[in-house]
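>>> When you get a sec, could you give me coordinates for this:
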Amino acid sequence: MNFSSQCLKSSRIIFASRRFHSSAPFANEEVREQLLAGVKQAMKSKDQVSSMTLRSVLSEVYNLDKSSGSKISTSAIVGVLRKAVLRRTESASQFVKGERPDLAEKEAREAEIISTFLPPMLSEAEIDRVLQEVASSCPRDGNPNKVLGLIFKSFYSKIDKANVDPHLVQSRVEVLLNL
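Coordinates of the predicted model:
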């Protein structure tokens, strides 16, 4: 096998793999695309804080992509965004305690930038409605912990975990079951 045939063969493999990856539809492209568009817009408007903040979030997303071996889901990306907002708000509160208002303001601004890309959380009324549906279909006899587990399992099969506050769901289930 000569050099030109090796190059031709390797270029076909590369071309085929590029074509496969570029044409595959992904459900999480909308959040990714919004983040990438946000980075591009921040770069065009020369907003360094927004650009660096969104790049750091995209870096976390890409690291998860590499570790999983494929592109992560939309809910995982939303989870990354929520963790980034939480991390920055906690940092801002620590900077306020440490009497560093300049750094607290920077962290709060970064949290605000990231939160613009988050989908809205489900309201308490919507959570209650879904929990009522789930609770009516689950048997209530036997061990209360088992019933609780069944309700959580059914609830999270209907609702994406990234769109609800787990502490709120837990408190609403406890109220529903009178625990």
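>>> Would you mind pulling up the elements that the longest helix along the chain packs against?
As assigned by DSSP state H, the longest helix anywhere in the chain is helix 74-97. On a contact count with 3 or more C-beta pairs under 8 Å, 6 or more residues apart in numbering; DSSP states H and E, helix 74-97 meets helix 29-44, helix 48-68, helix 101-115. Just so you know, the C-beta spots here come from the backbone N, C-alpha and C atoms, and that holds for glycine as well.
>>> Quick check: buried residues in that helix?
74-82, 84-85, 88-89, 91-92, 95 (16 or more other C-beta atoms under 10 Å).
>>> circling back: out of the helices and strands packed on helix 74-97, indicate the one that is most buried.
Mean neighbour count (mean count of other C-beta atoms under 10 Å) peaks for helix 101-115 among the helices and strands packed on helix 74-97, with a mean of 17.
>>> Let me see the contact set for Val134.
Residues in contact with Val134 (C-beta atoms under 8 Å, 6 or more residues apart in numbering) are Ile151, Ser154, Phe155, Lys158.
>>> What's the separation between the spatially most central residue of the chain and Asp65?
Most central in the chain under C-alpha atoms, centre = their mean is Val78, positioned 1.6 Å from the mean C-alpha point. Distance of Val78 to Asp65, computed by C-beta to C-beta, to the nearest Å: 15 Å.
>>> what does Ile159 give?
From Ile159 to Asp65 the distance is 25 Å (C-beta to C-beta).
>>> which secondary structure elements does the host helix or strand of Arg172 contact?
In this structure, Arg172 is located in helix 166-177 according to DSSP states H and E. Under the contact definition 3+ C-beta pairs under 8 Å, 6+ apart, helix 166-177 sits against helix 124-137, helix 144-158.
>>> That one: which residues count as buried?
Applying 16+ other C-beta under 10 Å to helix 166-177 flags Val169, Arg172, Val173 as buried.
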